[in-house]
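Participant: sequence first, then the predicted structure, then my questions.
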Amino acid sequence: MKLIVLDRDGVINEHSDQFVKSPEEWIPIPGSLEAIAQLTQWGWRVVIATNQSAIGRGLIGMDTLNAIHETMLRRLAEVGGRIHAIFFCPHAEVENCACRKPKPGMLLEIGQRFGVDLSQVPVVGDGIRDMQAAVAAGCRPWLVLTGKGRKTLASGLLPENVTIAEDLAEVARRLTESP
C-alpha cells in the first residue's frame, strides 16, 4: 500500500497565525486539491495528521472542526480527490500530550492503523514540527515551501534527509513520476 501523510494548514490550505476557525476561512492553496486527486488516482492513500490546538484553546469546537473538514472533503471530491483518514491533535501545547507534533504519536498511530512500514511513508509539512515528528516516527520528511515552509527552510533547523518541494503539486508530480 502506498500511503502519504499530509499536514493540513500550510500544505493543503492557507496557513493562518490566527488559526482556521470556520469553513469560510479554509482556503485551499492553488493546486493542492488537484495534487491530492493526482495522488488518489495513482493509488496513494492520503491521510492527514494535523495539530488543531484551536480546540484546546477554546477557539473552536468539534462541530466547527468537522464543518471545516467537510468543506475540505467536498471540495476534494469535486476534483476527484479523496482523504482516507484525518488524524488530529486537539490539545494545546501546554498539555504535553503524546499526539501533538513534534512528537510522533499521531504518525505512529497512523502506521499501526494502516499496518504500514513507516520508513516508506512520505510525511509532507510546512513546519519544523512536521519534520521532527516525521523523523521521530521513522518516516520520509518532505518540506513544502507554502505556508510556513520558506521560513522553516531559512531557520537552518531542518533535520537531515528532508526532501524539499515548492508545493504539494510538486510532491505529487515527483511521487507519481518515480517508479
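Facilitator: Great, that's in hand. Bear in mind the structure is a predicted one, so any value in this text is a computation, not a measurement. Residues are numbered from 1 along each chain as shown.

Participant: low pLDDT regions in the chain?
Facilitator: Confidence mapping of the chain against pLDDT under 70 gives the ranges 178-179.

Participant: please enumerate the strands of it.
Facilitator: For the chain, applying DSSP state E gives strands covering 2-6, 44-51, 85-89, 122-125, 140-144, 163-165.

Participant: can you list contacts of stretch 50-64?
Facilitator: Residues outside stretch 50-64 that contact it (C-beta atoms under 8 Å, 6 or more residues apart in numbering): 7-9, 19-22, 65, 86-93, 95, 100-101, 129. Where C-beta positions appear, they are placed from N, C-alpha and C, glycine not excepted.

Participant: same check on stretch 5-13?
Facilitator: Applying C-beta under 8 Å, 6+ apart, the contact partners of stretch 5-13 are 15-16, 20, 26-29, 32-33, 36, 46-50, 72, 101, 107, 110, 121-127, 130, 134, 139, 144, 146-149, 168.

Participant: against residue 141, how distant is residue 48?
Facilitator: 16 Å (C-beta to C-beta, to the nearest Å).

Participant: mind listing what residue 113 touches?
Facilitator: residue 85.

Participant: likewise residue 14?
Facilitator: 27, 28, 29, 147.

Participant: out of these, which end up buried?
Facilitator: 28, 29, 147 (16 or more other C-beta atoms under 10 Å).

Participant: which one of those residues sits closest to residue 40?
Facilitator: residue 28 (15.2 Å; C-beta to C-beta).
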